[in-house]
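Visitor: Sequence and predicted structure are below.
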Amino acid sequence: MVSLEKLVIQLRQKKQEATKLRQKAENQVKELRSAEKRSSSGLQTIDKKIESEREESSDVSTVLLRKNAQLESIERLIATAEDRLATEKEAIDQIEQEIEFADNPIEKENAEIRLRSLNNRVGELVEEIKNRQKTAKKILGDVTNFSDIKSKIVSKIQKQTKSKPSLRETKISSHKAAQNLLKDLERKTKAEESAQKSLENAYSKLKELSAKKKTASKKRPAKKKTAAKKKSRR
């Protein structure tokens, strides 16, 4: 009886220890699965960000192409206007010489009329060049601004891309470790179940033995009474 009680205590302790080991393994598996889930979620978030940033970069590139094309067009117009301005100024110099050396009033008057027309044209060209230069300066500012925006987006993409291998490695290693721990958890769960079963069997035997002792103790007084009655009859 005493040895059986000790066995029950030992088995209960063994079962408690098995439960602790099983719970510890379960917590480790949960932590690894949580790390795997976080890594997987992080990878998905990064992929979405990269996709969004690439779309944004594509939009900025489209704007840059348009702005650069506008700038090139205006620069060509400015160059053409400057060539025409140089030509008109040469014509003005020539006419001024004609006026200076004119032989008669009519030639001089005709030359002066042409000179006024050329001066007006020169004024128009100068104004046109100034306006186009202002526009070119504004567009150049836009090009610089959008170039900076694109550069920042590209840097973000590179940074996000660099962080992917680390997250992917964490995901893979966590998954492998969790799979290995699952096997260990299965063994510890079986060990706990075995300890529980042994404890239940021992406890059942202890109850059974205790019940038999109680029954036996009740029968002893009855036997003593029967023996006493027989003595009295004699």
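Guide: That came through fine.
Visitor: roughly how far out does whichever strand or helix holds residue 135 sit from the chain middle?
Guide: For residue 135, the host element (DSSP states H and E) is helix 105-233. Offset of helix 105-233 from its chain centre (C-alpha atoms, centre = their mean, to the nearest Å): 8 Å.
Visitor: so for it, what's the average pLDDT?
Guide: The average pLDDT within helix 105-233 is 82.
Visitor: likewise stretch 10-30?
Guide: 81.
Visitor: who touches that stretch?
Guide: Contact with stretch 10-30 is made by 178, 181-182, 184-185, 188-189, 191-192, 194-196, 198-199, 202, as judged by C-beta atoms under 8 Å, 6 or more residues apart in numbering. For glycine as for every other residue, the C-beta is placed from the backbone atoms N, C-alpha and C.
Visitor: what about 7 Å?
Guide: 178, 181-182, 184-185, 188-189, 191-192, 195-196, 198-199, 202 (C-beta atoms under 7 Å, 6 or more residues apart in numbering).
Visitor: ok so, going back, helices or strands next to the helix holding residue 135 in the packing?
Guide: Contacts defined by 3 or more C-beta pairs under 7 Å, 6 or more residues apart in numbering; DSSP states H and E place helix 105-233 against helix 2-100.
Visitor: one step back: run the angle between the helix holding residue 135 and helix 2-100 for me.
Guide: Going by axes from the mean of the first three to the mean of the last three C-alpha atoms, to 10 degrees, helix 105-233 is angled at 180 degrees with respect to helix 2-100.
Visitor: Give me the buried entries from the contacts of stretch 10-30.
Guide: Taking 16 or more other C-beta atoms under 10 Å as the criterion, what is buried in those is 178, 181, 185, 188-189, 191-192, 195-196, 198-199, 202.
Visitor: Arrange the contacts of stretch 10-30 in CSV, one row each, with distance to residue 163 as further columns.
Guide: Below are the contacts of stretch 10-30 laid out as CSV (distance: C-beta to C-beta, whole Å):
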residue, distance to residue 163
178, 22
181, 27
182, 29
184, 31
185, 31
188, 36
189, 37
191, 41
192, 41
195, 46
196, 47
198, 51
199, 51
202, 56
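Visitor: and which of the residues you listed is nearest to residue 48?
Guide: Lowest distance from residue 48 to the contacts of stretch 10-30 (C-beta to C-beta) belongs to residue 178, with 25.4 Å.
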